[in-house]
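>>> Requesting a structural model of the entry that follows:
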Amino acid sequence: MASTFARDTGYEEERFELPVSENFKCSICLNVLNTPKSCRNNQHYFCSGCIDEHLKNSHTCPECMEELTPATLVQPPRVLLNCILELRIKCVIASEVALSMFSLADFKATLMNVALHLLNVKMKDAGLR
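Residues are numbered from 1 along each chain as shown. As a prediction, this is how the structure comes out:
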């Protein structure tokens, strides 16, 4: 189920080239982690948007129920972040212009480049360039 309440919620697994390990999924939205954060003691991982929204109504970790606030959230281990960034994600917008499969590390930059390209095309079509 895709989450829509915040900007940095997870990526749907269907968008990835291969099945994604449960270790790389947010326990709130159940999707692949996007900008992950972690509770400090037990390393439960969440998308930053998901946990930010959760902490508006609660001050405990959704997994272990230990006290949790925005100030006590921590960055997950680098190895976890690197593994997530190596996942290959499908980009339906980019497939109209270029390649349709990217590492997650390149995904956001690629989307920005595609958006700029499409904007330039629309401006040219409108006679503004």
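>>> what's the nearest residue to the residue nearest the centre of the chain if we skip its chain neighbours?
What sits nearest the mean C-alpha location of the chain, by C-alpha atoms, centre = their mean, is residue 34, with 2.1 Å. Among residues not flanking residue 34 along the chain, residue 47 sits closest, at 4.6 Å (C-beta to C-beta, 6 or more residues apart in numbering). The way it works is simple: take the backbone N, C-alpha and C, and place the C-beta from them, glycine included.
>>> residues contacting the one you found?
When contacts are counted by C-beta atoms under 8 Å, 6 or more residues apart in numbering, residue 47 is found next to 3, 6, 8-10, 26, 28-29, 31, 33-37.
>>> Check what pLDDT it gets.
Predicted confidence (pLDDT) for residue 47: 96.
>>> how close does it get to residue 10?
5 Å (C-beta to C-beta, to the nearest Å).
>>> same for the biggest helix by length in the chain, what does it pack against?
Counting residues, the longest helix found in the chain (DSSP state H) is helix 104-125. Packing partners of helix 104-125 (3 or more C-beta pairs under 8 Å, 6 or more residues apart in numbering; DSSP states H and E): helix 78-86, strand 88-90.
>>> Flag every buried residue along it.
104, 107, 110, 114 (16 or more other C-beta atoms under 10 Å).
>>> Could you check how far that helix is from the centre of its chain?
18 Å (C-alpha atoms, centre = their mean, to the nearest Å).
>>> With only the CA atoms kept, save it in CSV.
Output of helix 104-125 as CSV, limited to C-alpha atoms (Å, rounded to 0.1, in the frame of the first residue of the first chain):
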residue,chain,number,x,y,z
LEU,A,104,18.3,4.9,-6.4
ALA,A,105,21.3,7.1,-5.9
ASP,A,106,20.9,8.5,-9.4
PHE,A,107,17.1,8.5,-9.3
LYS,A,108,16.4,12.0,-7.8
ALA,A,109,19.1,13.7,-9.9
THR,A,110,17.7,12.0,-13.0
LEU,A,111,14.2,13.1,-12.3
MET,A,112,15.3,16.7,-11.9
ASN,A,113,17.1,16.5,-15.3
VAL,A,114,14.1,15.0,-17.0
ALA,A,115,11.8,17.6,-15.5
LEU,A,116,14.1,20.4,-16.7
HIS,A,117,14.2,18.7,-20.2
LEU,A,118,10.4,18.5,-20.4
LEU,A,119,10.1,22.1,-19.2
ASN,A,120,12.5,23.2,-22.0
VAL,A,121,10.5,21.2,-24.6
LYS,A,122,7.2,22.8,-23.4
MET,A,123,8.7,26.3,-23.4
LYS,A,124,10.1,25.7,-27.0
ASP,A,125,6.7,24.4,-28.2
